[in-house]
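Enquirer: Quick one: sequence plus predicted model below, questions after.
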Amino acid sequence: MALPVAFFGVFFAYPVAAIVARGLRDGGVWRLGRIADVLGEPGIRHVLWFTTWQALASTALTLLVALPGAYVLARYDFPGRHLVRAVVTVPFVLPTVVVGTAFLALVGRGGLLDGLWGVRLDTTVWAILLAHVFFNYAVVVRTVGGLWAQLDPRQEEAARMLGASPLAAWRKVTLPALGPALAAATLMVFLFTFTSFGVVQILGGPAFSTLEVEIYRQTSEIFDLSTAAVLTLVQFAAVGAILAVHAWTVRRRESALRLVDPALTARRPRGARQWALLGAVLATVALLVVLPLAVLVRRSLDAPGFGYYRALTREDGGTFLVPPIQAVGNSLQYALAATAIAVLVGALAAAALARRDAGRLVRGFDALLMLPLGVSAVTVGFGFLIALDEPPLDLRSSWILVPLAQALVGVPFVVRTMLPVLRAVDGRLREAAAVLGASPWRVWREVDLPLVRRALLVAAGFAFAVSLGEFGATVFIARPDNPTLPVAVARLLGRPGDLNYGQAMALSTILMVVCAVSLLLLERLRTDRSGEF
């Protein structure tokens, strides 16, 4: 635990505490009364209300749309099933900037809806809600559908034989078994939408602002650190409560259930109703997931002769100090470094948490590892600039600053992917190797590593994908001569003109393709459906 604790202490807790202290201290005196002042402002109360309201609405809409998909992918066996599962997961590993750009191409000015019916949904709450469903659809499918596929269908069939209607059998037999997974998925979707930044920033316009967007506005535009510090504390408290409930649901989910091999529960659809349900789910996937991505690709090809892509190779002297295409190489280098850091830190943390004799302190650290997914990445990025500016931690001019920020988001994915696999390793194998004279290092190398190698590769792939798309912290610390892909997309969208808009679409398409290829490789490596992701 030494390295994970040190890593999170120095590169997460310290920067966040530094920016909060900078905002709430004046001449060495804490101004705690500022908390009441900020929360009493009508504009801030509106931001808090909208953040909570849109997160609740997004979560409810996501569950309504995604639960039929979770059932179909868990229980029905049909041609292309694994491809559909991979396709619906692509949005989850896409950067929120790309998600916002894809929906901008669909519902914004000159988009598909505007061209066909003259309808524009950008700068409306509906665009935000639809984009959140698009982004979080896979969370429900993977978390709920993964457990649904392992529930023995004979239990529900027995209830039907005893006279229960299909709805009653599902409500009294299947739903209680799915309860912990459903609660975990609900909390994760609420967490991701409560802290939404890129989607709201691009699609919401000036009319809508979540806590994350308001923190960004207060720090980068108004330079009011005290207000940003108060909002960070509010977000921290809310996310802490969400994660505490999430940890409780995960513990309940680990309780004994009669699980079976998922390959034994899936069957071909029978009857008109089942085929109609399958068709409805496939149509939903096509409209909600495939269509925005297809429109994004088409808009990037609007200029003849791949004009927008060729423009990426030229330096314009305005938005960037280098040709925008260099952002691709920068992002890949940063993401590889961040993946190495995340795998090292996350694997050590998972190994410690997997021990059956781990104490309460170690188990409590499990929930803390999830905090970077919920605490403002904007706060972390700005905290890097404030806190890491003196020896021996003067890293503001170092290239490693960006991978460190990206690794913070990758570590939770590594832990959540590896932890179930490590816990499944029979401890008697380690004990037998130790009795035969193997050192602890040799036990890990010859017993654990062969069993968890595939999970380690999957964890590295997830860390790479999320590091590639990290935006909230990177937007503060990426240098103009070394932009990352998400930062380059956001800066191009922030400038007027069709050329800048087309280049943003082209860069988003490149980023989407890289993330999608990474995910498809992960699906080929993945042999189990355990874990949160």
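Expert: Looks like it arrived, so ask away.
Enquirer: tell me the secondary structure for residue 392?
Expert: Secondary structure, DSSP: H, G, I helix; E, B strand; the rest coil: residue 392 is coil.
Enquirer: how near is it to residue 10?
Expert: The gap separating residue 392 from residue 10 is 11 Å, by Cβ to Cβ, to the nearest Å. (C-beta placed from N, C-alpha, C; glycine too.)
Enquirer: More neighbours: which of the two?
Expert: Set residue 392 next to residue 10 and count neighbours by other Cβ atoms under 10 Å: residue 10 wins out with 14 against 5.
Enquirer: Please report phi then psi for the more buried one.
Expert: Main-chain torsions, residue 10, degrees, to the nearest 10: phi -80, psi -40.
Enquirer: List the residues that contact it.
Expert: Counting by Cβ atoms under 8 Å, 6 or more residues apart in numbering, residue 10 touches residue 393.
Enquirer: what's the burial count for residue 501?
Expert: Neighbour count of residue 501, defined by other Cβ under 10 Å: 23.
Enquirer: Can you read off the pLDDT for it?
Expert: Note on residue 501: pLDDT of 83.
Enquirer: where does it fall, helix, sheet strand or coil?
Expert: helix.
Enquirer: distance of it from residue 480?
Expert: Residue 501 sits 20 Å away from residue 480, going by Cβ to Cβ.
Enquirer: again, but for residue 209
Expert: Remark: distance between residue 209 and residue 480 (Cβ to Cβ) = 26 Å.
Enquirer: Compare those two (neighbour count), which wins?
Expert: Between residue 209 and residue 480, counted using other Cβ under 10 Å, the more crowded position is residue 209 (21 against 11).
Enquirer: three-state assignment of the more buried one?
Expert: Under three-state DSSP, residue 209 falls in the coil class.
Enquirer: List the contacts of it.
Expert: Taking Cβ under 8 Å, 6+ apart, we find residue 209 in contact with 47, 50, 200, 217.
Enquirer: Which of these are buried, as a ChimeraX select command?
Expert: Applying 16 or more other Cβ atoms under 10 Å to the contacts of residue 209 leaves a buried subset, and the ChimeraX line that selects it is:
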select :47,50,200,217
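Enquirer: could the contacts of residue 209 be laid out in CSV, adding pLDDT and distance to residue 157?
Expert: Output for the contacts of residue 209, formatted as CSV (pLDDT from 0 to 100; distance: Cβ to Cβ, whole Å):
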residue, pLDDT, distance to residue 157
47, 90, 50
50, 92, 46
200, 86, 45
217, 85, 55
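Enquirer: hmm, which two among the contacts of residue 209 are most spread apart?
Expert: Taking every pair in the contacts of residue 209 and measuring Cβ to Cβ, the maximum separation is 13.6 Å, between 50 and 217.
Enquirer: so where's the stretch 251-400 of the chain shaky on pLDDT?
Expert: Along the stretch 251-400 of the chain, segments meeting pLDDT under 70 span 251-264, 316-321, 356-360, 362-364.
Enquirer: what are the ranges of the helices in it?
Expert: 262-265, 271-285, 291-300, 307-311, 326-354, 360-368, 371-374, 377-387 (DSSP state H, counting those that start in this stretch).
Enquirer: got it, and the stretch 401-533 of the chain?
Expert: Going by DSSP H, counting those that start in this stretch, the stretch 401-533 of the chain shows helices at 401-424, 427-435, 440-443, 449-468, 474-477, 485-493, 498-525.
Enquirer: Tell me what angle the last one forms with helix 485-493.
Expert: Just to be clear, that refers to helix 498-525. Helix 498-525 runs at 160 degrees relative to helix 485-493, counting by axes from the mean of the first three to the mean of the last three Cα atoms, to 10 degrees.
Enquirer: What residues sit buried inside helix 498-525?
Expert: Within helix 498-525, the residues scored as buried using 16+ other Cβ under 10 Å are 500-512, 514-516, 518-519, 522.
Enquirer: okay, the helices of the stretch 251-400 of the chain, which one's buried deepest?
Expert: Counting by mean count of other Cβ atoms under 10 Å, helix 377-387 has the highest mean neighbour count of the helices of the stretch 251-400 of the chain, with a mean of 25.
Enquirer: from memory residue 120 sits against residue 106, does it?
Expert: No: Residue 120 lies out of contact with residue 106 (Cβ atoms under 8 Å); the separation is 10.5 Å.
Enquirer: what touches both of the two?
Expert: The overlap between the contact sets of residue 120 and residue 106 (Cβ under 8 Å, 6+ apart) consists of residue 113.
Enquirer: which of those two has more neighbours?
Expert: Neighbours per residue (other Cβ under 10 Å) separate residue 120 from residue 106, with residue 106 holding more: 24 against 15.
Enquirer: from what I can see that one touches residue 112, true?
Expert: Yes: with contact defined as Cβ under 8 Å, residue 106 reaches residue 112; the gap is 5.3 Å.
Enquirer: For this protein, which residues score under the pLDDT cut-off?
Expert: Residues of the chain that meet the cut-off, pLDDT under 70, sit at 246-247, 249-264, 316-321, 356-360, 362-364, 523-533.
Enquirer: Give me the domain ranges for it.
Expert: For the chain, automatic domain parsing gives the domain ranges 1-29+308-533, 32-300.
Enquirer: Nearest spatial neighbour of residue 227, chain-adjacent residues omitted?
Expert: Closest residue in space to residue 227, ignoring its immediate chain neighbours: residue 218 at 4.8 Å, by Cβ to Cβ, 6 or more residues apart in numbering.
Enquirer: Please list all residues in contact with that neighbour.
Expert: Going by Cβ under 8 Å, 6+ apart, the list of residues near residue 218 reads 224, 225, 227, 228, 231.
Enquirer: could you measure residue 305 against residue 311, distance?
Expert: 11 Å.
Enquirer: Also residue 325?
Expert: Using Cβ to Cβ, residue 325 is found at 9 Å from residue 311.
Enquirer: Likewise for residue 517?
Expert: 24 Å.
Enquirer: cool, residue 189 as well?
Expert: On the measure of Cβ to Cβ, residue 189 and residue 311 end up 37 Å apart.
Enquirer: likewise residue 437?
Expert: Separation of residue 437 from residue 311 (Cβ to Cβ) stands at 64 Å.
Enquirer: same check, this time on residue 101
Expert: For residue 101, the distance to residue 311 equals 16 Å [Cβ to Cβ].
Enquirer: Need the helices of the stretch 401-533 of the chain in TSV (columns: distance to residue 374).
Expert: Rendered in TSV, the data for the helices of the stretch 401-533 of the chain read as follows (distance: least, Cβ to Cβ, whole Å):
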stretch	distance to residue 374
helix 401-424	10
helix 427-435	33
helix 440-443	34
helix 449-468	14
helix 474-477	17
helix 485-493	19
helix 498-525	21
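Enquirer: Of those helices, which is nearest residue 339?
Expert: helix 449-468 (4.5 Å).
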